[in-house]
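**Q** sharing a model prediction with you, sequence too.
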Amino acid sequence: MRVYKILLYLYPASFRSEYGTEMSYVFAERRRMAANVVAVIALWIETFFEILFNAARVHWDILRQDLRYTERGITRSPGFALTAIVVTALGIGANTAVFSITDHVLIRSLPFAEPHQLVKLYENVPGYARMELSPPNYRDRRSMSTSFESMGAFVELPVNLIGQGDPKRLEGALASTEIFAALGIQPALGRLFAVEDDRDGAPDAVILSYGFWQSDFGGDPGVVGRNLRFDDATYTVIGVMPANFYFPDRTVRLWMGLSVRNPVLTDPDRNNNILDVLAKLKSTVSPEQARAEMRVSTDQLEREHLKENAKTKATVIPLRDEVTQQSRLLLTALFGASLCVLLIACTNLASLMLARGIARQRELTVRAAIGAGRERLVRQLLTESLVLAVLGGVAGMMFAVTALPLLAKLVPATLPIADATALDFRVLSLAAFLTCVTGLGFGVFPALRSCSATGLDTLRSKSGMSAPRERLRAALVVT
């Protein structure tokens with residue numbers, strides 16, 4: 001019987017109080033009449049599902065009553081309801097929008113294959129924390145390293161498109177074959193750079209971004225194989241990248257092959273720091289181990305080329321950490337501020353609910369006098385709080401959708417990601433969680449406080465609290 005009484009706790013307290021004794025007696029009789037072990041097992045299975053189904057039905061019936069009562073209450077006090085919804089919407093909307101940007105920039109993995117293995121190589125000298133590599137140093141470090149699956153170089157290079165109507169200035173990049181191999185992204189159309197593109201006599205190749213392909217070529221699949229003229233050279237289109245591919249940043253519209261015979265790579269000047277270097281760590285190598293190897297190669301290069309590489313060091317930075325310290329600090333501060341806004345909104349919502357509970361003290365006392373238990377009254381007030389929180393959450397998500405395009409300007413253009421202009425499942429899940437926490441977490445105390453004074457003294461008084469305390473409560477709500 002102890003297990004059965006525990007199962008009865010699935011029902012509301014008011015239902016258990018009214019019917020629990022009778023149900024326990026009926027079950028005890030059925031248990032006594034069970035003839036064998038099979039019958040006992042069948043009885044327990046039947047009882048379990050019966051209680052589960054009936055408890056859900058009872059809770060649903062009570063919820064429907066509470067929702068109807070909440071609807072009437074909102075209709076009678078539209079000003080209070082609108083204020084509570086707006087307060088909740090501001091807190092949830094601000095957090096949803098800011099978290100979407102913060103998650104996009106600081107938390108979420110980059111949209112590449114095995115992004116945790118992608119790093120960038122930098123050199124540094126006194127006064128310059130991060131410098132690109134010179135072509136000779138890049139070639140030497142590449143031949144001396146064993147920590148990387150692949151290592152490639154790229155250079156951002158604006159070009160002019162000629163022969164397609166009016167000349168157009170485009171952001172482009174020279175990229176070696178290893179760059180796309182490290183990123184692990186396949187083209188939406190055509191192919192990537194290959195070893196044969198580096199051979200003597202091979203035509204210069206170019207890969208288009210999805211946006212450039214759509215805007216200037218109307219998404220024509222026949223663009224692959226066409227010749228395009230950029231500045232004074234002709235390039236053959238070999239592929240189109242997917243819509244969500246951005247590298248090294250979202251301003252780049254095309255990638256031209258950086259072959260081993262390109263003058264950019266064959267430049268012998270060790271002081272010409274022009275190459276950005278992307279590498280992919282081996283799965284068994286950590287960034288710290290790669291940095292240690294870079295220190296060894298740095299010492300060797302300094303001994304061999306003392307004049308050019310004096311005081312030159314090297315470091316390895318995860319690609320995800322390319323966010324500048326200013327951008328990181330701004331987003332962190334903005335997220336902290338939005339949490340403060342949510343806390344203020346929730347506190348105000350709790351104060352509003354408490355003030356409304358005080359105003360309804362006589363009503364609650366009358367309901368208690370005619371048989372409503374404290375648990376039933378608390379449940380009703382919590383339902384009202386949740387309904388207002390849900391309405392505020394919906395309004396908050398609409399606010400977030402409106403604010404997100406403005407906040408998207410905070411996404412650093414240097415990151416290889418799109419600007420965040422849409423709410424995804426992760427962000428919507430956070431908004432739903434905040435809605436539930438707001439409705440429950442800050443509705444419990446006002447509900448318990450409002451239902452704590454439902455005696456005859458409340459009916460005799462004009463209100464549930466003394467006038468000075470009511471004035472203080474009103475001042476706190478306004479504050």
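**A** Arrived safely, thanks for sending.
**Q** which helix is the longest one in the protein?
**A** In the chain, assigned by DSSP state H, the helix with the most residues is helix 37-76.
**Q** just checking, next helix/strand downstream of that helix?
**A** helix 78-102 (DSSP states H and E).
**Q** show me where this structure dips below the pLDDT cut-off.
**A** The model of the chain has pLDDT under 70 over residues 357-361, 363-373, 419-422, 441-479.
**Q** please identify which helix or strand holds residue 110.
**A** Per DSSP H and E: nothing holds residue 110, as it lies in no helix or strand.
**Q** I'd say it and residue 322 touch.
**A** No: contact between residue 110 and residue 322 fails when scored by CB atoms under 8 Å: they sit 9.4 Å apart. C-beta coordinates here come from the backbone N, C-alpha and C atoms, glycine included.
**Q** related to what we said a few turns ago, chain center to the longest helix of the chain: distance?
**A** Averaging C-alpha positions (CA atoms, centre = their mean, to the nearest Å) puts helix 37-76 36 Å from its chain's average.
**Q** now the angle between helix 78-102 and that helix, please.
**A** Computed with axes from the mean of the first three to the mean of the last three CA atoms, to 10 degrees, the direction of helix 37-76 lies at 110 degrees from that of helix 78-102.
**Q** against residue 417, how distant is the residue most central in space within the chain?
**A** In the chain, the centroid-proximal residue (CA atoms, centre = their mean) is residue 103; its distance is 3.9 Å. According to CB to CB, to the nearest Å, residue 103 and residue 417 sit 11 Å apart.
**Q** hmm, back to that, hang on, the residue nearest to the centre of the chain packs against residue 428?
**A** No: applying CB under 8 Å as the test, residue 103 and residue 428 come out as separate, 11.7 Å apart.
**Q** would you mark the buried spots in whichever strand or helix holds residue 343?
**A** For residue 343, the host element (DSSP H and E) is helix 325-359. Neighbour counts using 16 or more other CB atoms under 10 Å place 327, 331, 334-335, 338, 341-342, 345-346, 348-359 of helix 325-359 among the buried residues.
**Q** also stretch 189-209?
**A** Going by neighbour count (16+ other CB under 10 Å), the buried part of stretch 189-209 is 189-190, 192-193, 197-198, 204-209.
**Q** and the residues you listed as TSV, adding distance to residue 291?
**A** TSV is the format used below for those (distance: CB to CB, whole Å):
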residue	distance to residue 291
189	38
190	37
192	29
193	29
197	32
198	30
204	36
205	34
206	35
207	32
208	36
209	33
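**Q** the helices in the stretch 101-250 of the chain, which residues?
**A** Assigned by DSSP state H, counting those that start in this stretch, the helices in the stretch 101-250 of the chain fall at 135-144, 177-183, 210-217.
**Q** of the ones you listed, give the one that comes closest to residue 27.
**A** Evaluated over the helices of the stretch 101-250 of the chain, closeness to residue 27 peaks at helix 177-183, with 65.0 Å, by CB to CB.
**Q** for that closest one, packing partners?
**A** strand 148-156, strand 276-281 (3 or more CB pairs under 8 Å, 6 or more residues apart in numbering; DSSP states H and E).
**Q** mind checking how far it is from the chain centre?
**A** Remark: helix 177-183 is offset 27 Å from the chain centroid, using CA atoms, centre = their mean.
**Q** hmm, who's touching it?
**A** 112-113, 118, 149-154, 192-195, 197-198, 247, 257, 278-280 (CB atoms under 8 Å, 6 or more residues apart in numbering).
**Q** make a ChimeraX selection of the buried ones in those.
**A** Of these, the buried ones go into a single ChimeraX selection, burial set by 16+ other CB under 10 Å:
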select :112,118,150,151,152,153,154,192,193,197,198,247,257,278,279,280
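**Q** the domain parsing of this protein - what is it?
**A** 2-61, 77-110+325-478, 127-310 (automatic domain parsing).
**Q** start and end of the last one, how far apart?
**A** When you say that, I think you mean domain 127-310. One end of domain 127-310 to the other measures 14 Å (CA to CA, to the nearest Å).
**Q** chain center to that domain, what's the gap?
**A** For domain 127-310, the distance to the chain centre is 30 Å (CA atoms, centre = their mean).
**Q** next one: the first one
**A** With CA atoms, centre = their mean as the basis, the distance from the averaged C-alpha position of domain 2-61 to the chain average is 44 Å.
**Q** quick one: terminal-to-terminal distance for it?
**A** Terminal residues of domain 2-61 lie 27 Å apart, using CA to CA.
**Q** look up how far residue 59 lies from the spatially closest residue to residue 375 that is not a sequence neighbour.
**A** Spatial nearest neighbour of residue 375, excluding adjacent residues (CB to CB, 6 or more residues apart in numbering): residue 13 at 4.4 Å. For residue 13, the distance to residue 59 equals 12 Å [CB to CB].
**Q** how about residue 381?
**A** As judged by CB to CB, residue 381 and residue 59 stand 17 Å apart.
**Q** with residue 434 instead?
**A** In terms of CB to CB, residue 434 sits 24 Å off from residue 59.
**Q** what do you get for residue 261?
**A** 75 Å.
**Q** higher neighbour count, those two?
**A** residue 59 (15 against 11; other CB atoms under 10 Å).
**Q** surely that one and residue 12 touch.
**A** Yes: contact status for residue 59 versus residue 12: in contact at 6.6 Å, counting by CB under 8 Å.
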